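Trainee: curious how this folds, go ahead:
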Amino acid sequence: MEPDSKEGYQVETYRGVFRKHPVFSVSLVKPYFQTEEDKFPSKKKNPTPPEIVDVEDSPRPMKKNIKARKIRLNGKDQRQYLVRFKNQTADKDKWLEEDAIPDGELYLRRFRASRRPEQSSQC
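Mentor: Below you'll find the predicted structure:
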């Protein structure tokens, strides 16, 4: 870093950092003091990495079942349900099997009941 004038320093940086004017005020320049970690990089403590959570597989609250379908997988018929999760749009809907739906029994009972034709009592 070289002094450009009494009030500024010119810094060489990679392209795009200072597009308009590569000079800044001397009041922004601070002295650099080397720390223990800089002197001995092998003594740096490695922070523990954050726990990775797969968002796609984590259970989310369901809003409703939209459709049902039967498909054939590995020679077996399986029923899948189109599920919409709370606070999600239609493009995030997923086809899931019954055992993959959180609280599946409750939601599927309601879904099947809503699809049954109304039974009227005739005398």
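Trainee: what's the average pLDDT for stretch 77-91?
Mentor: Stretch 77-91 shows a mean pLDDT of 83 in the predicted model.
Trainee: only the buried residues of it, if you could.
Mentor: When neighbours are counted by 16 or more other Cβ atoms under 10 Å, the buried residues of stretch 77-91 are found to be Gln80, Tyr81, Val83, Phe85. Placement of C-beta: from N, CA and C, glycine included.
Trainee: CA atoms of the host helix or strand of the third one as CSV?
Mentor: In this case it means Val83. Secondary-structure element containing Val83, defined by DSSP states H and E: strand 76-85. Extracted as CSV, the C-alpha positions of strand 76-85 are listed here (Å, rounded to 0.1, in the frame of the first residue of the first chain):
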residue,chain,number,x,y,z
LYS,A,76,-46.2,-54.3,-6.4
ASP,A,77,-49.1,-51.9,-6.4
GLN,A,78,-48.5,-49.0,-4.1
ARG,A,79,-50.7,-46.1,-3.2
GLN,A,80,-49.2,-42.6,-3.1
TYR,A,81,-50.8,-39.4,-1.9
LEU,A,82,-50.1,-35.9,-3.2
VAL,A,83,-49.3,-33.8,-0.1
ARG,A,84,-49.2,-30.1,0.4
PHE,A,85,-47.2,-28.8,3.4
